[in-house]
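Visitor: Let's see this in three dimensions:
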Amino acid sequence: MANVRLKDIAARAGVSMMTVSKALRGQPDVSAATRARLKDLAQQMGYTPDSTAQGLRNRSTNLLGLVISSSTDPSFARLLLALEERVYELGWDLVLMHTLNKVEREEACLRRLLARRVEGVFIVPVYRMDPVSRIYQELEERAIPTLLLGHPAPFCPRFPGVAVDDLPASQAATRHLLDLGHRRIAYLAGPLAAPWAQARFEGHRRAMSLAGLEVDEKLVFQAGSTIEDGVRTALQMFNEGSDATAVVAANDLVAIGFSDTCLNQGLKIPGDLSVIGFGNVLASEYFRVPLTTVRQPKYRLGLAAVEMMMQLLQRERVESKRLPAELVIRASSGVPASVPVLSRQPQEI
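Guide: Below you'll find the model as predicted:
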């Protein structure tokens, strides 16, 4: 079916295109009765306004960009839901793009959004060691309202952001294991360049320090952020004969991959080994052994992000926000085993 145009409505109603245009825009120089009749007729005929043309007239697109690594990552589920719901309620449209955690793709995504004349951008940054970024400099120079869904980094220091207060939450996770009696606690760290990973490791280190313990470098593993990273790290710990009785992972996906591998090797969780994650993705509660983890207020993060974006669009000054997270104790953490068991050699998987 062809798109219904203003001239089609005008022909059906026996009025001019200008009258139809004014009526649909609610202009006062068209009588209330005529406005109501033409709006009803437009609805009956299936007329859809051309938002692009309206944007050109108004110099406004009502578009906001959202750039994340991938919507298949379960840690974004409730954040995306909150963002989309609130943006929709406020009459805006959201354009979603994926970086796949690639710096060059992040820049391409942002340039496409700028070409579509988005009025503001939410970004989960692709963290890297580079001290500067051309595209972030351009966003700043063009005064594009930009909100980080995460922590600032050296390449994007002047943009406000909304994130979880990772350090105290991570500290609470390690303190929980210490309170259970664990002393040999392995830490599965996230990506080196990610500020959230650095903050969570610092929380672990502080908890150990307050207990009078040093972090043993042999118990720190650069795991990453995926289930596959957790599997790889578990096998590495088996092969190295680690004497850890507990593990804190930088996120739930790593914890799930790690735990699944250990269970497949015949270990009991928490009987042989306690495991704690971070994030409280849906799978953590329904994993083979429900995972002790840190619950992030993802939905509230999304609502806060939209509120901050509306302030940025009004050219108001916005300060970064950090929302508290809480430890959720489930079945995967318990008292330490009397004898460390990770020194067993891995079986064929």
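
Visitor: What is the subsequent helix or strand relative to the strand or helix carrying A10?
Guide: Assigned by DSSP states H and E, A10 belongs to helix 6-13. For helix 6-13, the following helix or strand on the C-terminal side (DSSP H and E) is helix 17-24.

Visitor: can you tell me how far L100 sits from G224?
Guide: Separation of L100 from G224 (C-beta to C-beta, to the nearest Å): 15 Å. No exception for glycine: its C-beta is placed from N, CA and C like everyone else's.

Visitor: Can you list the residue ranges for helices in the stretch 151-300 of the chain?
Guide: With DSSP state H, counting those that start in this stretch as the criterion, the stretch 151-300 of the chain has helices at 166-180, 195-210, 227-240, 252-264, 282-285, 298-313.

Visitor: what's next to the fifth one, contact-wise?
Guide: With C-beta atoms under 8 Å, 6 or more residues apart in numbering as the contact definition, helix 282-285 has outside contacts at 74, 77, 252, 255-256, 277, 290-291, 293, 330.

Visitor: ok, 6 Å please
Guide: Contacts with helix 282-285, where a contact means C-beta atoms under 6 Å, 6 or more residues apart in numbering, come from 252, 277, 291, 293.

Visitor: cool, and the first one?
Guide: Taking contacts as C-beta under 6 Å, 6+ apart, the residues outside helix 166-180 that touch it are 185, 196, 199-200, 202-204, 206-207, 211, 246, 248, 276, 294, 325, 327, 335.

Visitor: Domains in the protein, by residue range?
Guide: Domain segmentation of the chain under automatic domain parsing yields 6-49, 63-164+298-324, 166-296.

Visitor: S259 is in contact with L273, isn't it?
Guide: No: using C-beta atoms under 6 Å, S259 is not in contact with L273, being 8.5 Å away.

Visitor: Determine the number of other residues adjacent to E119.
Guide: Using other C-beta atoms under 10 Å, the number of residues around E119 comes to 18.

Visitor: contacting residues around the residue nearest to K321 when sequence neighbours are not counted?
Guide: Leaving aside its sequence neighbours, K321 sits nearest to V162 (C-beta to C-beta, 6 or more residues apart in numbering; 4.7 Å). Neighbouring residues of V162 by C-beta under 6 Å, 6+ apart: 301, 304-305, 321.

Visitor: Around P324, count how many other residues there are.
Guide: Neighbourhood size, P324 [other C-beta under 10 Å]: 10.

Visitor: check contacts around it.
Guide: D165.

Visitor: Stretch 92-105: which residues count as buried?
Guide: Using 16 or more other C-beta atoms under 10 Å as the test for burial, stretch 92-105 gives 92, 94-95, 97-99, 101, 103, 105.

Visitor: All set, thanks.
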